[in-house]
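Enquirer: everything below, folded, please.
(chains A, B and C)
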Amino acid sequence: MVKSTIPPMFQVVVDKEKCRKCKRCVMSCSYGALGFTDRVVPDDKNCVACHRCVAMCPENAIMINESPLAYRPHASWTVEHRQGILKQAETGGMLLTGMGNDKPYKIFWDHLVIDACQVTNPSIDPLREPMELRTYLGSKPDKLEFETDKNGQPSLKTQLTPNILLETPIVFAAMSFGSISLNAHRALARAAYESGILMNTGEGGLHKDLYKYGERAIVQVASGRFGVHQEYLNQGSVIEIKVGQGAKPGIGGHLPGEKINSEVSQTRMIPIGSDALSPAPHHDIYSIEDLRQLIYALKEATNYQKPVSVKVSAVHNIAAIASGIVRAGADIVTIDGFRGGTGAAPTIIRDNVGIPIEMALAAVDDRLRKEGIRNQASIIAAGSIRSSGDWVKALALGADAVVIGTAALIAMGCRVCQKCYMGKCTWGIATQNPQLTARLNPEVATERLKNLIRAWSLELKEILGLLGVNSIESLRGNRERLRAIGLTDSEANILGVKHAGE
Amino acid sequence: MSWRYEKDISGCGLAGIINTRRELINGKVIMKSIALQHDRGNGLGGGFAAYGIYPDYKDHYAFHVMFEHEKCRHEFEHYLKINYQIDREELIPTRTHPKVPTHPILWRYFVTIKPDRPDLKEDEIGDQDFIVKTVMHVNLNIDGAYVFSSGKNMGVFKGVGYPEDIGEFFCLENYDAYIWTAHNRFPTNTPGWWGGAHPFALLEWTIVHNGEISSYGINKRYLEMFHYTCSLMTDTEVVAYLLDLLLRKHNLPRELALKALSASFWKDIDKMDKRERTMFTAIRQVYGSAALNGPFAILIGHNNGLIGINDRIKLRPLVAARKQDTYYLASEESSIREVCPEPERIWHPKAGEPVIIDLEKEVK
Amino acid sequence: MPASKTKKTGKTITIDAKGVYYRELNHSIRTALKAGGKEFHLKNINGQRYIGDGLVGRDVRITIDGVPGNDLGAFMDGPTIVVNSNAQDGISNTMNDGKIIIHGDAGDVLGYGMRGGKLFVRGDVGYRVGIHMKEFKAKIPVIIAGGVAGDFLGEYMAGGILILLGEKKKNEMMVGDYLGTGMHGGVIYLKYSDDIKEDRLGKEVAVMELDDADNKVLDKLLKEYCQDFRMDYDKTRQQRFVKLKPVSHRPYGKLYAY
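Expert: Numbers count the residues shown, from 1 in each chain, chains lettered A, B, ... in the order given. Modelled structure (predicted):
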């Protein structure tokens, strides 16, 4: 291969005074950015700024800088465009990336502010008074019927379809075993189990060792149908049909053969080393009535014991799509916004296709209410929930629960270097290389994930308290408690919020 | 909006009286009771609901309507006549009152729905649904007209002022009722306009409310799914519509409907036996968006009784008392003692536990 | 809506499904299965979906009179279903094990994501048959069609065996366009025909002659197929077959710039 002429993005600086030549940094770097002769020799062009070497260096001798190399400034031909073209000219391939959209689009979460009680109604102290986050996912009837026995005691007559309890309205994102390591999958499954939330298997099945956490898992059925069989479907508490992903709406997936090791192969039920291709569509869904057919095929297969979720990317016509999904019989609609994460997606698609989750969520919640079918399905919002602040705003816009993917990865150690697709993750998360996966201690990762859920839930309770409500139902869909700053009238209108001061 | 912080912050005041044997109580009694709570209001709203006041027209829907000007009254009457038979219409009797310097035009209409109402063809809905539809239509679409009472053999009297002044203005000493509720308002959520005063009424349901409903935003959006339009810029109207939805349309047992509004805690639900746990879990699952959150004490009047309920952590006061067949509910004990100095029993209802007082069955 | 009429004669449970909605029908089958029933005869079937969906057990046998609805045997794990007429779309969807025998023609998207068991169709099959079939160790799904097939036969195929006997009822193409497109595992055996044209093949596959191992596979499977349909094995087997295999199991290695 011809040597690349593309300048490096980062500069690795090793402080010679501090370095004791222990080589830990060299061993920790899987990208080939650090070599050793008689001293540590960086190869800047391979550095992805994953920080593993920085974290491992006992002497704090390593610093990663953004490359100071000057490009002649050009507002239109940005450095990124120029580098992309150079790379494509060298390889003839599509540019690939990982994680969510990194372009500076307007982030609507950052233009919404939350209300608080002052005088006219009291705030509530969440540390000492009850504060309820319990949430049920699934379809609810519009009304309940009761019957009274001869002693005049009422009891419930309406038969509810299955609902799944969340102790706090959050679920881990669908990240398949294959795209992430077994240790990462194990940590997500266990943390979900122990926190009373849900993990999502993603489309690669559920490893048999993790079946014991199955009651806290959403088992996904995607177009590739990897690892989908009767036992798997019955392991989970929710079945999710994955139609789309926010980072790459409308396209399929491709897990390269290098990542199909023995464990992945057994779980996905495909031979070791073969590519795992997920077709762009489900080939049994070419139209909305086909979605209904698959939803009920899954319900029949599991004797109507599991809520069925349908996950779609947020696209232009999302409100109508969601309405169709609910009318097709889904119990949960999961919407993934265009900042949602991925293990691998063509950069051009990740950065240009879809709409923000804030707009999509608001439009869907509105539409389902206008049609009087909001009870029939829960809404789960995904795609860049970065803090409990975003979480609260999503709930107030109408989500029953939110998804966290990137945040969960960061909790496990990820530094958002966006190179997940390379399979070289130095933190042992997005890789199947046994030397690397061993770096992620599932016990520690479980604790860190549980800590994150606990910390955000504490913050959520504080915010409910200052809003003067003591249960999550009173926040959900309560857009009255949000105000917009710096949004246009039409943006605020779509979000269904007033401007600050109004 | 400077009105929000104009005065010392206080709270609203509530009072309610019911005689279960339908013995009539004069309007002076309730006026006296609520007057004691003068300092809980700020003069920007007072009102009363009275049941049993129109025995001669007890099978008619009594529409109390306020108009900003004559033109909208004509528009309203024109609209009304399409579907309703008006058997009596008149100005609501008022007296000139120094503390009530301005007021809208106040009319009442005793009407029945025409059996062959033209709208019937379009949507075959029951009488009560049709009344609700009429009220929603007028309040939303006829600019300057506002129906503030629409039940049978009952009526709401309300306006901007202290309740004792509003009562005098409406000559309430001329009315005898077997259920009364009263409200002294300290508006925070809406400026003091006549329509914004309590009670809020829809059909026979009247609501007087103390507190602020922090869950208003979602309650409103929930109701919109069932075609209720919240047009009054205040949180209390959601209570009236929620009751109409849960009790009349969904036909929930009353105790359970009230539990939907003032939800049981999960901690307590978890301790219940299976029958109750199933029931209360389902109520929270299905009616979560109907739950009222934030501080509230509410008196609910209806043709067959009076209900008092407060929020589940008791952020607003409520006192109850009984003397023989007469029950009293109020924000302050003194307000009860003012008109019933020696009650046989006086108690403080628990948080979220409704006090339900029913009239005895009517004796023919 | 009439409830399904269930009758038990000997070991066979007969269900008259005339006008019965699929939910009730499948519910009665599941209930009878739980009670120990193994043999089912479904009469007057017309369009009921999901028959056999998710059912487990190799000793379960369902015979169907009439045209069953879509997703016949979806997610199925063991049972045998015999359809005495034509059948519709989505048969053997994500099926894990078991056998489905269709005595007539079948529709589109058969055996999607199928990972085990057999689907034998006597007549023609529609578009996208065997799409994304996959195999793992000893679990190898098999689809055999006696007639002709539509476009995208074996698309994305990642494993398993597809056999097309190509018996034509009229003047038509034996196999459609985009044959084996995206195929990266498994094998397709086709009756040799001029209809197999290079420009109608997926770019990931090539046509090859059979070797001994292939012939053994064909012997075994065609024997079973002919037995099921009471066909002349020798006549069927003596036709010339070719096979279609992916040239690489990594057809998409060079798509991306890393």
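Enquirer: centre-most residue in the chain?
Expert: If you meant another chain, say so; for now it's chain A. With the centre of chain A defined as its mean C-alpha position, the nearest residue by Cα atoms, centre = their mean is A:Gly405, 3.0 Å away.
Enquirer: what average pLDDT does the helix ranked longest in chain C get?
Expert: Once chain C is assigned using DSSP state H, the helix that runs over the most residues is helix C:212-228. Average pLDDT, helix C:212-228: 97.
Enquirer: give me the next element, helix or strand, following it.
Expert: Heading C-terminal from helix C:212-228, the first helix or strand you meet, by DSSP states H and E, is helix C:233-237.
Enquirer: list the buried ones in that next one?
Expert: Within helix C:233-237, the residues that count as buried by 16 or more other Cβ atoms under 10 Å in any protein chain shown are C:Thr236. Every residue, glycine included, has its C-beta placed from N, CA and C.
Enquirer: who are the contact partners of the residue of chain A found nearest chain B?
Expert: Nearest residue of chain A to chain B (Cβ to the nearest Cβ) works out as A:Glu480 at 2.7 Å. Contacts for A:Glu480 (Cβ atoms under 8 Å, 6 or more residues apart in numbering or on different chains) come out as A:115, B:216-218, B:220.
Enquirer: can you put those residues in CSV and add secondary structure?
Expert: Formatted as CSV, the contacts of A:Glu480 follow (DSSP: H, G, I helix; E, B strand; the rest coil):
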residue, secondary structure
A:Asp115, coil
B:Tyr216, helix
B:Gly217, helix
B:Ile218, helix
B:Lys220, helix
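Enquirer: nearest to chain C, of those residues?
Expert: So of the contacts of A:Glu480, ranked by how close each gets to chain C (Cβ to the nearest Cβ), first place is B:Ile218, at 34.2 Å.
Enquirer: quick revisit: can I get the longest helix of chain C as PDB, trimmed to CA atoms?
Expert: C-alpha atoms of helix C:212-228 as PDB (Å, rounded to 0.1, in the frame of the first residue of the first chain):
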ATOM      1  CA  ASP C 212     -18.500 -36.200  -4.400                       C
ATOM      2  CA  ALA C 213     -19.500 -34.500  -1.200                       C
ATOM      3  CA  ASP C 214     -22.100 -32.500  -3.100                       C
ATOM      4  CA  ASN C 215     -23.500 -35.600  -4.700                       C
ATOM      5  CA  LYS C 216     -23.800 -37.300  -1.300                       C
ATOM      6  CA  VAL C 217     -25.800 -34.400   0.000                       C
ATOM      7  CA  LEU C 218     -28.000 -34.400  -3.000                       C
ATOM      8  CA  ASP C 219     -28.600 -38.200  -2.800                       C
ATOM      9  CA  LYS C 220     -29.800 -38.000   0.700                       C
ATOM     10  CA  LEU C 221     -31.900 -34.900   0.500                       C
ATOM     11  CA  LEU C 222     -33.600 -35.700  -2.800                       C
ATOM     12  CA  LYS C 223     -34.400 -39.200  -1.600                       C
ATOM     13  CA  GLU C 224     -36.200 -37.700   1.400                       C
ATOM     14  CA  TYR C 225     -37.900 -35.100  -0.800                       C
ATOM     15  CA  CYS C 226     -39.100 -37.700  -3.400                       C
ATOM     16  CA  GLN C 227     -40.400 -39.900  -0.600                       C
ATOM     17  CA  ASP C 228     -42.400 -37.100   0.900                       C
END
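Enquirer: which pLDDT value belongs to residue 139?
Expert: Using chain A here. Taking A:Ser139 on its own, its pLDDT is 98.
Enquirer: can you look at chain C instead?
Expert: We note a pLDDT of 94 for C:Lys139 in this prediction.
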